[in-house]
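S.K.: sequence first, then the predicted structure:
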Amino acid sequence: METTGSVGMLLQILIGGIATGSIYAVVGLGFTLLYRAMKMVNFAQGHVFMAGTFLGLIIANRFALPAIPLLLIVMVLAFLIGVVLERIVFRRLYHDHDVFIVGAIGLGIVLMNTVRVFFPEPVPFPKVFGERLVEFGGARFQEAYLWVIGCTVVLVALLHSFFTYTRHGRAMRAVASDAEIAGTVGVNVPRAIAHIFGLTFAVAAGAGVLIGPLYFVSFDMGDMVGLKAFAAAVLGGINSVPGTILGGIAIGLLENLAGTYISSAYKDLVAFVILLAMLVFRPNGLLGTSTPVKV
Amino acid sequence: MRNKLAAIAILSAAVAATSAQAEDIRIGVIAGFSGPGTSYGIGIRQGAEMAVKEINAEGGINGRKLELVVVDDGSNPGQSVTAMQRLINDKVDLIVGGWGSSQVLAAMEPAERAGMPYVVVGASNPRITTEKNKWTFRVLQSDTLQAEEVADIAVHRLGLKRIAVIHDANDYGVSNRESFVARMKKLGVNPVEVQVYQTTDKDFTAQLTRIRASNPDGLAIFGTIPAAPAIMNQAREIGIKAQFLGTTGIANENLITLAPKASEGTIFATMFHEDVDPDARKWSDRYVKEFSGGSQPPRPVLAAWEYRAIKFIVAPCLKKAGTDKDKFRSCLTTWKGRIFGLPDEAYFNKTNHLVQQSVIVQVGGGEFRAYKGDK
Amino acid sequence: MTHQPTIRFGRLCAALAVLLVLPFVAPNYVIHVANFVLIMTLPVIGLGFITGFTGRVSLSQGAIFGVGAYVTALLTTKLGWSPLATFAPAVLGAITVGTALGGPAMRLAGLYFVMATIGIQQIVWIVLLNAVEFTGGPQGVRSIPAVGVGGFEIDSTFSFYFLALAMATASYMLAKRIIASRMGLRLRAISDDELASSAVAIDVTRNKVLALVLCSGWAGAGGFLYAHYVRYIHPDMFTLEPSILLLTMSMFGGYRSLEGMLVATAILESATEYLRPFGEFRMIAYGMLLLLGMMFFPKGVLSLFPRRSPKPAQLVKERTSDA
């Protein structure tokens, strides 16, 4: 084994880990946004991500769109769908934790199996990021990986600016902190909540389009990603957006590192063990703040 | 509540009475139509439908028509047991089908206890046919033999010296790896790297990076769709130039759809290829014509065994022995004959396994081609 | 929805009468499905101690159920123990694993607890799958013997039904007793308000761990039944998916209602079978069942049935009119 080999190997793993970690981070954002606003966990988030991928697939197969327009169109559509679903479905669920959990699980099952009826087998996603391979320091990978990382950075930056600098964004943050008070200062609370749901859908669907060209898409891809994205949000601190991003990347890296240097069979196990250990020592996550949460 | 029960009881009796009059022979089919094995289940069902249609068109068996009772097991072992139980209670005459070793191993148990003939077409785990199974028969080549044949080809015909293995953690992957590595060692070659993955994994950077570092000239992939084509794609991207090898897990047309460039040149043992003999080609053409244009593309590889099992093994025995289960079973144990797609005569050995030679193919020009080799 | 602390024997006997007659009038296939329903009531009741009475969401029940199944399967197939003798080890094994892994997690706030249980589920499953020498790994464990009671083998769908029914009934009665007891009172108090409970000297942590013990023990008992019915087990039968389904069963019936959980289990466990007429859309129908159920009957399935006990206002009226 040459020495460039081991550096190349490390680099390969790091880049792969950051790319998949970005996906977990973005989907995890959906969990975080919703949790901050409603203190609820949407168990269907992974399946929304999967549905977003297929939405992108259908559109990309119909109209040969380049990457960025496709991403934007899918995200806008997903946002609208999220808002509509909030009105007809989620509004009847989020009055109670348990009801929301079971209802979301049901929604996830419906989404997954609806997609399955149309796409019972894994299918390839159009290579909207091109097919070029990049060689760098002994690592070889698809250019798409860099696109994924880049888009994630841009997305997070945009979200951050939105929440910090725009009035609407600040209104949504107010609702997230305390809906009642926000209402008294004139924020349209129901609309803000609807938009928050829409945003979580948009974000998940966007992640779906990013991941599509990297791997095949199949109706059951939402489970594992949803799980890891949830882990990312918890790891980073469920009420912290930068924490979630950090958590996602951390999980992506940990997985790959553990899988390569410890054992590929126990790859997932190592990630979960580290996660559990983390929870024991820092129950609020890496960057989470300990807001008094009613147990 | 009681009224409902009474109603169910009366209804069941009525149904039983009416079906006793129709003299259809009922063949159960268990496979996955919702879940990871859907690709494979579809092929199995198509094969069954084609065979039954033909036999019925020719007048059925001794004047009796064949009827298919298809049950979905979602590629889940627990559901497979329920599916089998259902068919047993439904009193079908026999069952032809079954995909996935875990599902078949689970469903075998009630079948053996109830004395229900079960002809397995889609599971290659060697533990299915041992001294213990009396009612379960398997027509598919077992993992052990396939993996050994591929190992022979790799070492002797291709002259590979540095072979790496990547396999699924499930029983298919594990039993293939065991047989393959054991055979390789007997031939004097040690694997340079062995890596595992979970069936639902999508990213194999970790495993492939290590494999690349071991500089292999051959990579055996023991897994199924979609993992295998993903592994092939990612392996090529990352710079692995090794020759891909495999067994029936990748015997699915979807392999080429999902890894069009990366799968080129892969050599593997499959269950069926149309170029083995002219009859195979004729059947395949007919099959593709019949099932093209539907919502699902045709899959000759998977349909072939189901079709052949029904047409050439089950039907003749039904004709000879009728639907009495004991007599039918005896007929199967003594069955032998020629089936298109298999070079030699086939027969069931003591463990109810169909003895046959593997069919080796190579992916070329976007399709499966019979592998001739240098020998 | 208030819960009934005492067992209403009238209703129980009526229900049992129907259930006892069922195997004699219904087709074998229906009994087979009923067996699964009865088996699953055990882990669901166990889960009820955590979800209903400490207000937590646990997604590891499927794995602990699996631990019970594996303990009995391995003891009977590898060491030749008689199935009845393995019941206690199965339950104890499940309790040990469940408490060892879940205990430290109990002090985590709700959301982190969920995450921890997911972690537990995955860890147990991965170990079952990969510890090949010990558990057989992906090959599973086959030819598990049937439970034998004094020479009689409980080997058919019909005979198993009675075993399962007996265990389900015993579980129900035992659970009711526990809930009505002081421990149950303490658990409910904790679920309502942990801070207040600790203020009245309830040892919150100890009681939470007790709930965990009950939850795991019941899961183990269910696993025992499952192994001796299906007679072949495999790690993929104990993944996150069944954990999610068990969770929905414990929540679908209504907060804190044991009867609700039983009805929910009956409805949801048999759903994959009675939804077969939907064909390809079977699982979509299942998801819609859950979703619509929660949207329109958030108080649980039993809210559909009229309450037998009179409303408080009516009670007062009746009492005062006597005077």
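M.R.: All right, it came through fine.
S.K.: touching, residue A:35 and residue C:110? I think so.
M.R.: No - using CB atoms under 8 Å, residue A:35 is not in contact with residue C:110; the gap is 11.0 Å. Yep, even glycine has a C-beta here, placed from its N, CA and C like the rest.
S.K.: how near is the residue most central in space within chain C to residue C:218?
M.R.: Central residue of chain C (CA atoms, centre = their mean): residue C:44, 1.7 Å from the mean position. Counting by CB to CB, to the nearest Å, the gap from residue C:44 to residue C:218 is 8 Å.
S.K.: tell me the SS of residue B:199?
M.R.: Recorded secondary structure, residue B:199: coil (DSSP: H, G, I helix; E, B strand; the rest coil).
S.K.: show me what contacts residue 209?
M.R.: The chain I'm using is chain A. Applying CB atoms under 8 Å, 6 or more residues apart in numbering or on different chains to residue A:209 gives the contacts A:52, A:53, A:56, A:70, A:71, A:74, A:75, A:128.
S.K.: actually it's chain B I care about, not the one you picked
M.R.: A:9, A:12, A:13, A:260, B:238.
S.K.: looking at the residues you listed, which is nearest chain C?
M.R.: residue A:260 (17.2 Å; CB to the nearest CB).
S.K.: with adjacent residues omitted, what lies nearest to residue 131?
M.R.: As the question left the chain open, I've gone with chain A. Using CB to CB, 6 or more residues apart in numbering or on different chains and skipping the chain neighbours, the partner closest in space to residue A:131 is residue A:142 (7.3 Å).
S.K.: think we crossed wires, I meant chain B
M.R.: residue B:351 (6.3 Å).
S.K.: isn't the one you found right next to residue B:130, touching?
M.R.: Yes - using CB under 8 Å, residue B:351 is in contact with residue B:130, at 5.6 Å.
S.K.: show me which of these two is the more surrounded one.
M.R.: residue B:351 (16 against 12; other CB atoms under 10 Å in any protein chain shown).
S.K.: which pLDDT value belongs to that one?
M.R.: pLDDT, the model's per-residue confidence, is 88 for residue B:351.
S.K.: what distance do you get for it to chain A?
M.R.: Residue B:351 is 30 Å from chain A, where distance means CB to the nearest CB, to the nearest Å.
S.K.: what sits against residue 76?
M.R.: Going with chain A. residue A:202.
S.K.: let's do chain C instead
M.R.: Contacts for residue C:76 were tallied using CB under 8 Å, 6+ apart; they are C:82, C:83, C:86, C:144, C:145.
S.K.: got a pLDDT number for it?
M.R.: Residue C:76 is assigned 92 on the pLDDT scale.
S.K.: doesn't residue A:102 make contact with residue C:248?
M.R.: Yes - the pair formed by residue C:248 and residue A:102 meets the contact definition of CB under 8 Å, at 5.0 Å.
S.K.: all the helices of chain B, residue numbers only.
M.R.: Shown for chain B, the helices assigned by DSSP state H span residues B:2-21, B:38-57, B:77-89, B:101-114, B:143-152, B:171-186, B:205-213, B:227-238, B:254-258, B:278-291, B:300-308, B:315-321, B:325-333.
S.K.: okay, now the closest residue to chain B within the stretch 51-200 of chain C: neighbour count?
M.R.: Among all residues of the stretch 51-200 of chain C, residue C:138 sits closest to chain B, at 4.2 Å; criterion: CB to the nearest CB. Residue C:138 has 24 neighbouring residues, counting by other CB under 10 Å.
S.K.: wait, it touches residue B:177, no?
M.R.: No - using CB under 8 Å, residue C:138 is not in contact with residue B:177, being 11.1 Å away.
S.K.: identify the residues contacting the residue of the stretch 151-295 of chain A found nearest chain B.
M.R.: Per CB to the nearest CB, residue A:259 is where the stretch 151-295 of chain A lies closest to chain B, at 3.0 Å. Neighbour list for residue A:259: A:267, A:270, B:205, B:206, B:207 [criterion: CB under 8 Å, 6+ apart].
S.K.: please report the distance of it from chain C.
M.R.: Distance from residue A:259 to chain C, counting by CB to the nearest CB: 13 Å.
S.K.: next one: that residue from residue C:74, what distance?
M.R.: 29 Å.
S.K.: joint contacts of residue C:248 and residue A:102?
M.R.: By CB under 8 Å, 6+ apart, the residues touching both residue C:248 and residue A:102 are residue C:290.
S.K.: count of neighbours near the closest residue to residue C:91 other than its chain neighbours?
M.R.: Spatially, and ignoring its direct neighbours in sequence, residue C:91 is nearest to residue C:220 (4.2 Å; CB to CB, 6+ apart). Residues lying near residue C:220 (other CB under 10 Å) number 33.
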